[in-house]
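In: Quick check, what structure comes out for this input:
(one chain, ligands or ions: 1)
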Amino acid sequence: MLLVSTISQLSNRLSAENRVIFVPTMGNLHEGHLSLMRQAREYGGCVVASIFVNPLQFGPNEDFDQYPRTLDADCAKLHDLVDVVFSPAVSEMYPVQQAVFIEPPSIANQLCGAARPGHFRGMATIVLKLLNIVRPQVALFGKKDYQQLHIIRQMAGQLNLAVEIVGGETVRAPDGLALSSRNQYLDEAQRRESAFLYRTLQHIRRELIKGMSCFEALEAQAVDDLTARGWVVDYVSICNQMDLQPVTHNTQEGVILAAARLGGTRLLDNVEFTFN
Ligand code: PAF
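Out: Here you go, the predicted structure:
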């Protein structure tokens, strides 16, 4: 595994490769990231992981400064899984103040975007920059960030990017909590409580499969249940997988999405479902 920090080092290393598979990350790697790396390997070719905490996708009151930076530990985990790690400084990615941005589709202002204005604009902009630098044939993103994956797919499709976007399944702790770098902000009691988010989504899924079709009542009940246990809920939303618009009676493939805070920690999760 080669660690590089500049775009020119990366380009030199990749110049002779005809197939590149890419996994962008913000580091502080956990099993969810590592399973994406293993999945990347299955596509054949040179596997590149990036580690870059992107200031553009954090709001002024968010955890950019606090976000864990653990490059040495990350490289140790990646050593046998990838060929190249690209870990640029902020000045390498933004040598001048970024003045050109990707304008994401309007769904970027809903769900997580409603609580995080500008987040998806900053995310889409760095993802496009990274794709232009790495020039992969395939790029993988975790399904835990379901809305992010949706927006990246829209961007790649509508801008005719020559890259296949692939989603990786969410990896969970034994109690069901979706793995996330932000889980480490939870104290012991919050960590025990945190698994309730996934249980709530599974409960909704079971009700939907049984035929419960008062979608808004299911969402409202979930918000009440979480709130009663001390969560501050941003949203619980039952949507179509295809466009992340609210589920209708014509929906075949849906997804239940939620974001809620425990103390200062904002957790995300989602569960897909299919009506037969
Ligand atoms: O999901 C993440 O870790 C980030 O949003 C990404 C895709 C690496 C862009 O900074």
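In: hmm, who's touching stretch 194-204?
Out: 172-173, 175-178, 183, 186, 218-219, 222, 225-226, 229, 231, 236, 238, 256, 258, 260, 262, 267, 269-271 (C-beta atoms under 8 Å, 6 or more residues apart in numbering). Heads up, the C-betas are built off the backbone N, CA and C, glycines and all.
In: Of those residues, which belong to strands?
Out: Using DSSP state E, the subset of these located in strands is Val236, Ile238, Ile256, Ala258, Ala260, Leu262, Leu267, Asp269, Asn270, Val271.
In: all helices of the stretch 1-150 of the chain, in order?
Out: 7-14, 31-41, 71-78, 90-93, 112-115, 119-134, 146-158 (DSSP state H, counting those that start in this stretch).
In: how about those helices, which one is nearest the ligand?
Out: helix 119-134 (4.8 Å; C-beta to the nearest ligand atom).
In: Let me know the angle separating the closest one from helix 7-14.
Out: Interaxial angle, helix 119-134 versus helix 7-14 (axes from the mean of the first three to the mean of the last three C-alpha atoms, to 10 degrees): 50 degrees.
In: Summarise which helices and strands helix 119-134 is packed against.
Out: For helix 119-134, the elements it packs on are helix 7-14, strand 20-25, strand 46-51, helix 112-115, helix 146-158, judged by 3 or more C-beta pairs under 8 Å, 6 or more residues apart in numbering; DSSP states H and E.
In: can you redo these as a markdown table with mean pLDDT?
Out: Putting the helices and strands packed on helix 119-134 into a markdown table (pLDDT from 0 to 100) gives the following:
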| stretch | mean pLDDT |
| --- | --- |
| helix 7-14 | 98 |
| strand 20-25 | 99 |
| strand 46-51 | 98 |
| helix 112-115 | 97 |
| helix 146-158 | 98 |
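In: and of the ones you listed, who's closest to Pro104?
Out: helix 146-158 (5.0 Å; C-beta to C-beta).
In: follow-up on the earlier one: mind putting the helices of the stretch 1-150 of the chain into TSV with distance to Tyr198 and mean neighbour count?
Out: TSV is the format used below for those (distance: least, C-beta to C-beta, whole Å; neighbours: other C-beta atoms under 10 Å):
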stretch	distance to Tyr198	mean neighbour count
helix 7-14	37	16
helix 31-41	14	19
helix 71-78	24	16
helix 90-93	34	14
helix 112-115	17	16
helix 119-134	23	21
helix 146-158	14	20
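In: tell me the contacts of Asp175?
Out: Asp175 neighbours (C-beta under 8 Å, 6+ apart): Ala195.
In: burial of the nearest residue to Ser35 once chain neighbours are set aside, as a residue count?
Out: Of all residues not flanking Ser35 in the chain, Val171 sits nearest, at 5.3 Å (C-beta to C-beta, 6 or more residues apart in numbering). Residues lying near Val171 (other C-beta atoms under 10 Å) number 17.
In: Might you quantify the distance of stretch 178-195 from its chain's geometric centre?
Out: In terms of C-alpha atoms, centre = their mean, to the nearest Å, the centre of stretch 178-195 is set 17 Å apart from its chain centre.
In: wait, does it contact the ligand?
Out: No - if you take C-beta under 6 Å from any ligand atom as the test, stretch 178-195 misses the ligand, and the best it gets is 8.0 Å.
In: Can you list the buried residues in that stretch?
Out: 178-183, 185-186, 190-191, 193-195 (16 or more other C-beta atoms under 10 Å).
In: Quote the end-to-end distance of it.
Out: With C-alpha to C-alpha, to the nearest Å as the measure, stretch 178-195 spans 8 Å from end to end.
In: begin at 747 from here
Out: Understood, numbering begins at 747; the last thing we discussed is stretch 924-941.
In: Could you give the average pLDDT over it?
Out: Stretch 924-941 shows a mean pLDDT of 97.
In: List just the nearest of the buried residues of stretch 924-941 to the ligand.
Out: Distances from the ligand to these, taken as C-beta to the nearest ligand atom, are shortest for Ser927 (8.0 Å).
In: Is it correct that the closest one is in contact with Met772?
Out: Yes - with contacts defined as C-beta atoms under 8 Å, Ser927 counts as touching Met772 at a distance of 7.0 Å.
In: got any residues that touch both of these two?
Out: Tyr813.
In: Identify the spatial nearest neighbour of Ala885, chain neighbours not counted.
Out: Phe768 (4.5 Å).
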